[in-house]
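[1] model this:
(2 chains)
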Amino acid sequence: AQKITQTQPGMFVQEKEAVTLDCTYDTSDPSYGLFWYKQPSSGEMIFLIYQGSYDQQNATEGRYSLNFQKARKSANLVISASQLGDSAMYFCAMREGRGNKLTFGTGTQLKVEL
Amino acid sequence: DTGVSQNPRHKITKRGQNVTFRCDPISEHNRLYWYRQTLGQGPEFLTYFQNEAQLEKSRLLSDRFSAERPKGSFSTLEIQRTEQGDSAMYLCATETGVRGNTIYFGEGSWLTVV
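    The predicted structure is shown next:
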């Protein structure tokens, strides 16, 4: 079974609009962390935001926020006021329990249009 | 610029040759990871170091792959007798000594085996 599922291979959004990128996860461990990364065409993975399973509030970092719905096992990334520079691949990832590795989804390609 | 430096950024090699990639972590980041990413996929975990100790290896890390982190600073990933299936981007990531909420990736090293 996939541990991280990103069901949107590609998304389009108009500049200045908000966009939600979906991520669902599967784990039986009560302790886990969820990460979102942005990967431009240059290849670098840029850390965006983190949500811990015990965090009481949804994480926010500037224009990025995470819509964390624990019971539904979803951790959607919301980008507000989209900019052309937001066009990139976005990956959701999870680290479980006391493990070390991140498990990534297949990503969502976001294109911001004028 | 996340501070994780990888080189070379691009490498084209003939099948059967050996290649080595280097990762210089952010200063004082004790935890270091290698991932592999193929086209259209998210990164996959290869191996993890805490200081100079290699504590975890994925089954993806065949016996042709070897990683080292002498003195707990920079790390190298060597692939011997390269095969076309090794063509991928190899990403290095680092983290402080305490498992936390931010893992920084480098820009990756693209390998093409011809």
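[2] in space, what's closest to residue 40 - neighbours in sequence excluded?
    The chain I'm using is chain A. Nearest residue to residue A:40 in three dimensions, chain neighbours excluded: residue A:88, at 4.5 Å (Cβ to Cβ, 6 or more residues apart in numbering or on different chains). In short, each C-beta sits where N, CA and C put it, glycine included.
[3] chain B is the one I meant
    Closest to residue B:40 by Cβ to Cβ, 6+ apart is residue A:106, at 7.3 Å.
[4] how about the residues of chain B that lie near chain A?
    B:2, B:31, B:33, B:35, B:40-45, B:48, B:55-56, B:58, B:89, B:91, B:93, B:99, B:101-108, B:110 (Cβ under 8 Å from any Cβ of the partner chain).
[5] what about the strands in chain B?
    Counting by DSSP state E, the segments of chain B that form strands are B:5-7, B:10-13, B:19-24, B:31-37, B:44-50, B:53-57, B:65-68, B:75-79, B:88-95, B:104-105, B:109-113.
[6] can you tell me the number of residues neighbouring the residue of chain B found nearest chain A?
    Closest to chain A within chain B is residue B:42: 3.0 Å, counting by Cβ to the nearest Cβ. Neighbourhood size, residue B:42 [other Cβ atoms under 10 Å in any protein chain shown]: 22.
[7] state the distance from it to residue B:21.
    19 Å (Cβ to Cβ, to the nearest Å).
[8] tell me which residue of chain A lies closest to chain B.
    Taking Cβ to the nearest Cβ, chain A has residue A:104 as its residue nearest chain B, at 3.0 Å.
[9] skipping adjacent residues, who's closest to residue A:78 in space?
    residue A:65 (4.7 Å).
[10] ok, residue A:24 - contacts?
    A:4, A:5, A:7, A:72, A:73, A:74, A:75 (Cβ atoms under 8 Å, 6 or more residues apart in numbering or on different chains).
[11] thanks a lot, catch you later.
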